[in-house]
Each structure stands twice: as structure tokens, then as C-alpha cells.
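Q: here are the coordinates; sequence isn't available:
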């Protein structure tokens, strides 16, 4: 009998398929379908090769690395659909102000005196650590020196849709519009087709970029085959500025009137979108990045998220920049805030459920970025962007609903493992791809530099 068992064991080993990573025994939230209790995910060659019950998957695969996830949730990595990652180095610089005061009197001056290639390098490293630690695997960025941000993002192992900011006044990396256009051409050429990095054009907003320049961006994006990231309808002040310049049109109507919108555009915020504008975005397949905590922090308003989703708009979640408009990159907080704000605004506790915002943080953001075929769910054939969330902590116990525990009780510190494209970026809370001590030390240095720069005239 023992001999027969050994023969069967050797036969099983011989027939088992090879995997790089096997995550086993957790509650697998595929997002694409029902949750799988005691489930497994097999990863090979950067892709998910199998998802299902552990009893089935574990018998079929032999892995180089096995992650035991009993008592934990296994789910797609979060997609932060809108942020300005290097602004981690400005974290807390000017809190408790409205957007225009915050931008014109604090952020723009601080950027003019401090932002450089070295600044964005260290700011991106700091942001990468925070995102890896809190389960974000893909982020959409708008900032300066974006090619340098791309290098740091790739080195950290994260996936990024990275937009070079274009704006109608001199900034840190490009002093003229023509300089920005040249930079964009070179940047897209350098990074297009990269496995982790998607280069993008990022005109700042309808009130900071002229009509002619927005049309130029639209044409250039089409020619280069690159997506567009832009702020739209974030504040009432923006609505007023656009109306004064463009015949009383709202930002969404104005952008549609110049042929700007399309399925390659991601509009950040959308707080003051009208019902007609929402219909237009749905028709144009333009995605929206909802940033609830930023909108709260700057008192910008509450976006009509439930209405957008009902109309068929792809809505993702974003943290915005961590410099007074939010102060962190934790997508768990965004999920909880998004759900609660819609409940209050609509007077309906069912307006946005835990499952709804979990979808927004994963497949919603992926679709808004035109990446839904690659990431956002745990399905065979998709890129292996996976996180493991510990639900055994006091703050998440007892667990009656896994989705509820993740959205309303957990936070970024519950993430124990982060995997992107089949590569482990964090294992048992230890970040493996970025030097944490040196980055934290540099962040403190920059804090002193920024303070000194704001005191000087």
C-alpha cells in the first residue's frame, strides 16, 4: 500500500504544472465573479494561469514560491486612477484651504522653488513605498519630469499610466509650450510599448490650458497613440472661469465642443458634472477618476458617482496628490469615503455598496484607463497584479462579509503581500524593490529644504 501511495505521489509530481507563485488557502475575491472560499491563484510568466478552489489548483501546480493565505483575502491590486506621486514630498505643506488658494499661494510657488529631476526621483520612491505597502499596483500620475518618474516606477516594479503635465505657464521641466510638446514626443517614443509604463499627455485643466493648446494635445495624442489625463469640473471656481472664457459653457460641454473627449481620455474629479455632461462622457467612453478625500479636504463638493455609474461611465478611484488635497495614497480610505459620501449625498444607505467601491478601486479604474483587458480582476490570462490582505487583526474581526471588512474596517497596513506582473514587491510587509531607510531619510532632508525655500524671498 505504501509503495502504491509513493507511486501515485511521484506521478502527481511529474504531471504537476510549473508556476512561479502559488497563493493558497485564502478567500479569493476575483471581482469577475463570486468569491472563492479557500481558493488559490497560480502565477507564471507574469500572468495568472489558474484561479479556483485550492483543492483543485494546488493539485495541478508546483510553485517555486508558495504564499499561504488562510484567514486572508486575495484580490486584484488597487488602481489609483489619479494622483501626483512626487508631491509626497509636499505632504501637509498647506492644509485646510480651498483649491485656488492652495494652488496659487502655496503649491505653485513651492514647486517653482523645489521641483527638479532629483526631487521627483525621491518623491516617486517615497510614493512607491506607500503604494506598495497599501496595495496599489497601478497608478495614473500627472506631474513634471515624467520620464524620470517612469524610471523610478519601473524600478519599484509598479505599473503606471504616467502623464507629463502641460500647462500655459513656465514650470519646472518645460519653460514654454513648445518645450513641453517636444518633451512629450520624446517621452512617448521612449516608453511606448513598455510592459509596465504607459506614457500619457496631461494637460492640466480647461482653465489653465488654452483652447488652441487643448486642440493640439488632442491631435498629438491621437497621432502618438497615447492617452490623455486632465482635471475636469473639480470646483465651482473652475466652472466660473471656463464660463467666462467660453460663452457660458461648462467644462464638459466646452471640451466636447472642441472635439477633445474620447475613450482615451481620463477626467479627474468630475464633481460638478451635469446630467447632460454625464451622458456625453458615457457616449464618448471617457473615464472618470473619483477622488472623494481630496474633494472633501478642499471642500470642492461631492461628485455624482452613482449617477455616473448608472449612466455607464467607467469610474475609478483616485487619491489625488498627497500634499494638502489628501495627504496619503491609501486606497482603502478612498473606498470607505466614496461609499459614505454617496450615502449621505443621496440620502440612501444603498447608494454605493462595499462591493461597488471595491470594483471601482480595481476593475473600474482599469477600465477608465483602458486597461480592463489586462488588469483589475483575478482571471486566467490577465497580468498577475495581486495583493493579499490580512483579516486576522482585531480591527477586522469577526468577519461576516469579506468585502465589508476590507472597505469599512481594514486600511493599508492590512496588506501583507503585493505582487505586480508576477513579481513580489512586498512579502510579509517587507518592501523588496525600494530602499526604505534611505528614502525616508531623504524625505526629511527635502522637508527642511522646502521650509527654507518658502521663507526665502
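A: It's in. Quick caveat: nothing in here was measured; it's all calculated off a predicted structure.
Q: Can you list the buried residues in stretch 184-194?
A: Taking 16 or more other CB atoms under 10 Å as the basis for neighbour counts, the residues of stretch 184-194 that come out buried are 184, 187, 188, 191. Using the backbone N, CA and C atoms, a C-beta is placed for each residue, glycine as well.
Q: And stretch 282-294, by the same measure?
A: By neighbour count, with 16+ other CB under 10 Å as the criterion, the buried positions of stretch 282-294 are 282, 284, 285, 286, 287, 288, 289, 290, 291, 292, 293, 294.
Q: And it, how far out from the chain middle?
A: Computed by CA atoms, centre = their mean, to the nearest Å, the chain-centroid distance of stretch 282-294 equals 13 Å.
Q: average pLDDT across it?
A: The predicted model assigns stretch 282-294 a mean pLDDT of 98.
Q: got the end-to-end distance for that stretch?
A: The first and last residues of stretch 282-294 sit 24 Å apart, counting by CA to CA, to the nearest Å.
Q: End to end on stretch 284-298, go ahead and measure it.
A: The separation between the terminal residues of stretch 284-298, taken as CA to CA, is 29 Å.
Q: circling back to that earlier point, from the buried residues of stretch 184-194, pick the one nearest residue 329.
A: Lowest distance from residue 329 to the buried residues of stretch 184-194 (CB to CB) belongs to residue 191, with 22.0 Å.
Q: How about that closest one: what's its closest non-neighbour residue?
A: With CB to CB, 6 or more residues apart in numbering as the measure, residue 199 is the residue that lies nearest to residue 191, at 4.2 Å, once sequence neighbours are left out.
Q: Just the ones of the buried residues of stretch 282-294 in helices?
A: Counting by DSSP state H, those place 282, 284, 292, 293, 294 in helices.
Q: Mind putting those residues into TSV with distance to residue 228?
A: Output for those, formatted as TSV (distance: CB to CB, whole Å):
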residue	distance to residue 228
282	17
284	12
292	23
293	24
294	20
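Q: contact partners of the lengthiest helix in the chain?
A: Using DSSP H to assign secondary structure, the helix with the most residues in the chain is helix 436-455. Contacting residues not belonging to helix 436-455 are listed as 88-90, 93, 109-110, 113-114, 119, 122-123, 125-126, 129 [CB atoms under 8 Å, 6 or more residues apart in numbering].
Q: Which one of those is nearest to residue 33?
A: Ranking the contacts of helix 436-455 by separation from residue 33, with CB to CB as the measure, puts residue 129 on top at 32.7 Å.
Q: so that closest one sits right up against residue 433, yeah?
A: No - using CB atoms under 8 Å, residue 129 and residue 433 do not qualify as a contacting pair, with a distance of 9.1 Å.
Q: The nearest residue to residue 72 once chain neighbours are set aside: neighbour count?
A: Nearest residue to residue 72 in three dimensions, chain neighbours excluded: residue 26, at 4.7 Å (CB to CB, 6+ apart). The tally of other residues near residue 26 (other CB atoms under 10 Å) stands at 27.
Q: In this structure residue 26 contacts residue 73, no?
A: Yes - shown here, residue 26 and residue 73 form a contact pair, counting by CB under 8 Å, at 6.2 Å.
Q: Common neighbours of these two, please.
A: Taking CB under 8 Å, 6+ apart as the criterion, residue 26 and residue 73 both touch residue 388.
Q: returning to what we had before: so residue 129 and residue 433 - more neighbours on which side?
A: A side-by-side neighbour count of residue 129 and residue 433, using other CB under 10 Å, places residue 129 first with 23 against 18.
Q: Distance of that one relative to residue 238?
A: Look at residue 129 and residue 238: by CB to CB, to the nearest Å, they are 32 Å apart.
Q: What degree of burial does the nearest residue to residue 17 once chain neighbours are set aside show, as a neighbour count?
A: Taking CB to CB, 6+ apart as the measure, residue 17 lies nearest to residue 61, with 5.2 Å between them; neighbours along the chain are not counted. Neighbour count for residue 61, taken as other CB under 10 Å: 23.
Q: Just want the most central residue of this structure.
A: residue 80 (1.3 Å; CA atoms, centre = their mean).
Q: That one reaches residue 329, doesn't it?
A: Yes - with contact defined as CB under 8 Å, residue 80 reaches residue 329; the gap is 6.6 Å.
Q: which neighbours do these two share?
A: Common neighbours of residue 80 and residue 329, using CB under 8 Å, 6+ apart, are 131, 136, 139, 319.
Q: Pop out the phi and psi values for the residue nearest to residue 72.
A: phi -100, psi 180 (degrees, to the nearest 10).
Q: Distance of it relative to residue 133?
A: The span separating residue 26 from residue 133 equals 19 Å under the rule CB to CB.
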